[in-house]
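Participant: predicted model and sequence below, questions to follow.
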8 protein chains.
Amino acid sequence: VFLGEFEHTIDEKGRVAIPARFREEIQEGFIITRGFDNCLQAFPRPTWQDLAQRISTLSLGNEEARHLRRLLFSGANEVTFDRQGRILIPQNLREYASLSEKVVIAGMHTFFELWSPERWQTVLSTLDSSGRIIAEQLADLGV
Amino acid sequence: VFLGEFEHTIDEKGRVAIPARFREEIQEGFIITRGFDNCLQAFPRPTWQDLAQRISTLSLGNEEARHLRRLLFSGANEVTFDRQGRILIPQNLREYASLSEKVVIAGMHTFFELWSPERWQTVLSTLDSSGRIIAEQLADLGV
Amino acid sequence: VFLGEFEHTIDEKGRVAIPARFREEIQEGFIITRGFDNCLQAFPRPTWQDLAQRISTLSLGNEEARHLRRLLFSGANEVTFDRQGRILIPQNLREYASLSEKVVIAGMHTFFELWSPERWQTVLSTLDSSGRIIAEQLADLGV
Amino acid sequence: VFLGEFEHTIDEKGRVAIPARFREEIQEGFIITRGFDNCLQAFPRPTWQDLAQRISTLSLGNEEARHLRRLLFSGANEVTFDRQGRILIPQNLREYASLSEKVVIAGMHTFFELWSPERWQTVLSTLDSSGRIIAEQLADLGV
Amino acid sequence: VFLGEFEHTIDEKGRVAIPARFREEIQEGFIITRGFDNCLQAFPRPTWQDLAQRISTLSLGNEEARHLRRLLFSGANEVTFDRQGRILIPQNLREYASLSEKVVIAGMHTFFELWSPERWQTVLSTLDSSGRIIAEQLADLGV
Amino acid sequence: VFLGEFEHTIDEKGRVAIPARFREEIQEGFIITRGFDNCLQAFPRPTWQDLAQRISTLSLGNEEARHLRRLLFSGANEVTFDRQGRILIPQNLREYASLSEKVVIAGMHTFFELWSPERWQTVLSTLDSSGRIIAEQLADLGV
Amino acid sequence: VFLGEFEHTIDEKGRVAIPARFREEIQEGFIITRGFDNCLQAFPRPTWQDLAQRISTLSLGNEEARHLRRLLFSGANEVTFDRQGRILIPQNLREYASLSEKVVIAGMHTFFELWSPERWQTVLSTLDSSGRIIAEQLADLGV
Amino acid sequence: VFLGEFEHTIDEKGRVAIPARFREEIQEGFIITRGFDNCLQAFPRPTWQDLAQRISTLSLGNEEARHLRRLLFSGANEVTFDRQGRILIPQNLREYASLSEKVVIAGMHTFFELWSPERWQTVLSTLDSSGRIIAEQLADLGV
């Protein structure tokens, strides 16, 4: 599982080291794609398969489902580690997430996210002020 | 599975090469038909069978279901590869999707779509500006 | 299965050839009856049995169901092929569907329809202009 | 099964021949009773048993169900064939359905109906003008 | 099963003969009690058991269910046949149903009812004028 | 089962004989407690167990359920027969049901009730005037 | 099971005897905690386990569920019997329920409650005047 | 299970002893994270796994679920006991819960919470005044 948060450096070629604890879970590589809220989301292969299959059961007739397929599936990249345990984040994804020198890598239990440090700070301060609302809505979701 | 996007050339006879990675999944041919949003949709045979059977369970009394049967089933073509791994896109389908010299082939996980490059750019810019709406509606769909 | 569309000639006696690909699926004959939208619908025997049985489970108390039984069951004809692979369309059904010299035979996957060419053109142009509406309603139907 | 329509003569004693194709299905007799829309409905014994049992599960407390029991069960007649394959329609049922010299016998797949020719013409013209409404309501019924 | 209708005489002691066809089904006696619409209802023992058990599952907290228990269970009589195949209708039940010299015995498939002839005529004329309403409501009941 | 109604005498010590037919069903005693509508309700042990267990599954958070527990469980008495087949009705229950010299014992199929004769007459006249309402509500209860 | 009501004395140290019939059911001790309506509730261990587990399945996001956990779980005491069969009611619980010299112990079938005699009288008079309302609401609860 | 409440001291390094009864249940360490209502919540590993997995089934499209993942999973710490049975509460969590010299450790059956003593007093007084509301809402939750 992926827990905790880490700030790493991106080199000039777009390469970044993945925390060792995370790397153990995804030694044979993983899928990285555009996430909601302008971060990148990285999925271990089985998690990705499961997500992709559930999306594939959505109706062809549903316009949002057609949009989602085009967003996720045409933008997905399979990435692998180089000898130093780094991955290369494709240029277009770095642009999508506004990543330049630093990246926050945050565990999300079954996957992890990559954020520009500025956006991550915005996320954290949102959480501080909206805890009660999150709680209530969780109850509605049955968790 | 079908992932990523590719831009290929259509020759003067309407022939186009299919990406090698896609071709491996559909060596014995596939079904191509008119898709929603004025693209063409190409289905591996089992995926097509499943879709066609689900449509066939819809009520004869439902007017939209009668329309859908007439749209999909009277327009479906089974295509196979020539020795160069190309397929021939029938004239009426090329007209339907406004395909002339170039075609974008975009993976949709369980099937793929063929787009005119101009329309594909429109799709991508739509996705950029409507990510939050897509997200919310996905939650409604339970994905 | 029944796919694609074909235009055939009806002779002066009301006989018409059925596409060879269709005939293979229904060698021992089939049921033809009045369809919705003023076409004729032709069903392989098992498909017909299934449809007829489902209609027979409807409540006797439901007025529309009583109407439907009277429409479909009192008008149904079992047709068989002559030596030239032709069938005879009864006079009253030809009148119902306005068939004279030409007939469009259109595959509907599990059955097929017979149309006057003029009405079929109207159907096709309806489909062109209402694709988005069909898509949305399909999503509502869960396909 | 009972398909197609037939016009037969009623003799002065109220006897009528049943189409041979129908008679084969009900050689040991059948039940005839008052139907909705002022026709008579004739049921093979197993079909009748099933209908009667379903009605018998309705609540004693439901006023319409009490009415229905009194309508169907106090008026039911078991009829059998004479040597000429004719049945006798009881006087009170002939009056109920306004039958005198002629009767239309119309197949309803699992049962059949007996109509005065005049009323049957009214039914057919109703069907001509209300096909679209029937279709829509069928979709609501899930057929 | 109990089908058809019969008019029998009640003697001065309140005894009445039961139609032979009905008696065969209930040779070891039956239960007679007050029915809705001011008739009497007679149940074979298994039918009664089933009805009584279903009523016994109703909530003690439901006022109508408490009323129903008091109506049916405190008024129920087990009746048996004398040597002439007659039963004795208790005085209080004859009063409840206004029975004096004549009684109509009407089959209700799984049970039968006893009516004063005058009330039975009222029932029949109600059925004549309300067939369409009964039909619609049956459809709502799923029969 | 408990059917029919009986009027018995209560002696000066509060003892009353139980109808022999009822006693056979509850030879090893039964539970008597306060019932709704100011009667007493007497339950065979298994019926009581079942009722008590269902009440015990109600939420502690439900105020009515807490009231019900306190009403039924703090007032329940296990009674047994003396040598004359009589039971002793505790003083506080006799007061609750206004019982003095006479008591109506009325069968309710799976249990029985004890009423003051005056109140029982009120119940019966209520039933006479509200048969149709009871019938309709039963239909709503699915019986 | 716990049935009936008993009034016992609390000694100056807060000790009280438990009715012998109750004690047999909980020889190895039980859990006592604050109950709703300002009484104390005492649960046999298995009943407590079941209640605690059901509460533990409630959403962390539900504010009332968080309150309930804090109320019940932080206040729960496991009590055992001394040689005289008495238990010690902790000071804070006695204050919560306003218990001083006397306590009413009332059986609730699967658990029991401890009340100050004054409050118990209030409960009983509430029950007298609200029987009909309780009955109706029980019916809504399906009991 | 975790029951009861305890007040412990935090030393200048942020270390605190865990009640012995609690420690037995979590000898191999546990997870501590930010809880709702500004307390800290500590979960045994299996309880945490179950919670985390249920959150992980929530839709990626649901904004609140994305917030929750970022709140819980990026802030989670696995803690273990030192030789004196103490744990170290990380600085950022102490700040979140306003913990300095004293901490109330309160059992919540399947997990436990850590509170500043001031906030805990506020919680307790809230419970005193809102018992009836909690009860009603529990009934709605089916407990």
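Facilitator: Noted; the coordinates are in hand.
Participant: please spell out which residues along stretch A:42-53 are buried.
Facilitator: For stretch A:42-53, burial by neighbour count (16 or more other C-beta atoms under 10 Å in any protein chain shown) applies to A:42-44, A:47-48, A:51-52. (Each C-beta comes from the backbone N, C-alpha and C, glycine too.)
Participant: sec struct for residue A:31, please.
Facilitator: strand (DSSP: H, G, I helix; E, B strand; the rest coil).
Participant: tell me if stretch A:117-128 is near chain H.
Facilitator: Yes: part of stretch A:117-128 sits near chain H under the criterion C-beta under 8 Å from any C-beta of the partner chain, namely A:123-124, A:126-127.
Participant: buried ones in that stretch?
Facilitator: Result for stretch A:117-128 [16+ other C-beta under 10 Å]: buried residues A:120, A:123, A:127.
Participant: wait, a helix at the second one?
Facilitator: So that's residue A:123. Yes: checked against three-state DSSP, residue A:123 lies within a helix.
Participant: now do the contacts for it.
Facilitator: For residue A:123, the contact set (C-beta atoms under 8 Å, 6 or more residues apart in numbering or on different chains) comprises A:37, A:115, H:67, H:70.
Participant: quick check: the closest residue to chain C within chain A vs residue C:21, distance?
Facilitator: Residue of chain A nearest chain C, by C-beta to the nearest C-beta: residue A:61 (3.0 Å). When distance is defined by C-beta to C-beta, to the nearest Å, residue A:61 is 28 Å away from residue C:21.
Participant: residue A:2 too?
Facilitator: Applying C-beta to C-beta, the value for residue A:2 to residue C:21 is 54 Å.
Participant: more neighbours: these two, which one.
Facilitator: Between residue A:2 and residue C:21, counting by other C-beta atoms under 10 Å in any protein chain shown, residue A:2 is the more crowded of the two (21 against 13).
Participant: enumerate the residues of chain A near chain B.
Facilitator: A:36, A:38, A:51-56, A:58, A:60-62, A:64-71, A:73-74, A:76.
Participant: among these, which lie within helices?
Facilitator: Residues of the residues of chain A next to chain B located in helices (DSSP state H): A:51-56, A:64-71, A:73.
Participant: now, which of these sits nearest chain H?
Facilitator: Nearest to chain H among those, with distances taken as C-beta to the nearest C-beta, is residue A:51, at 7.3 Å.
Participant: in terms of helices and strands, where is the residue lying closest to the closest one once chain neighbours are set aside?
Facilitator: Distance criterion C-beta to C-beta, 6 or more residues apart in numbering or on different chains; nearest residue to residue A:51, sequence neighbours excluded, is residue A:43 at 6.7 Å. Of the helices and strands defined by DSSP states H and E, residue A:43 is found in strand A:40-44.
Participant: from chain A, which residue is nearest to chain D?
Facilitator: residue A:61 (16.0 Å).
Participant: neighbours around that residue, how many?
Facilitator: Residue A:61: 21 neighbours (other C-beta under 10 Å).
Participant: was I right to think it contacts residue B:35?
Facilitator: No: counting by C-beta atoms under 8 Å, residue A:61 stays clear of residue B:35, with 11.1 Å between them.
Participant: quick one on the thing from earlier: if any of the residues of chain A next to chain B are buried, put those into a ChimeraX selection.
Facilitator: Command for ChimeraX, covering only those of these found buried under the criterion 16+ other C-beta under 10 Å:
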select /A:36,51,52,55,56,58,60,61,62,64,65,66,67,68,69,70,71,73,74,76
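Participant: all strands of chain A, in order?
Facilitator: With DSSP state E as the criterion, chain A has strands at A:5-9, A:15-17, A:30-34, A:40-44, A:77-79, A:86-88, A:102-107, A:112-115.
Participant: who are the neighbours of the fifth one, in terms of helices and strands?
Facilitator: What it means is strand A:77-79. strand A:30-34 (3 or more C-beta pairs under 8 Å, 6 or more residues apart in numbering or on different chains; DSSP states H and E).
Participant: what angle sits between the strand it packs on and helix A:63-73?
Facilitator: Using axes from the mean of the first three to the mean of the last three C-alpha atoms, to 10 degrees, the direction of strand A:30-34 lies 130 degrees away from that of helix A:63-73.
Participant: from the contact counts, what lies against strand A:30-34?
Facilitator: By 3+ C-beta pairs under 8 Å, 6+ apart, strand A:30-34 packs against strand A:40-44, helix A:45-56, helix A:63-73, strand A:77-79, helix A:91-97.
Participant: beta partners for the residue sitting nearest the centre point of chain A?
Facilitator: With distances taken as C-alpha atoms, centre = their mean, residue A:41 lies nearest the centre of chain A, 1.3 Å away. Bridge pairing for residue A:41 (DSSP bridges) gives the partners residue A:33, residue A:113.
Participant: now do the same for it: its pLDDT.
Facilitator: The model reports residue A:41 with a pLDDT of 90.
Participant: now do the contacts for it.
Facilitator: Going by C-beta under 8 Å, 6+ apart, residue A:41 touches A:32-35, A:108, A:111-114, H:60.
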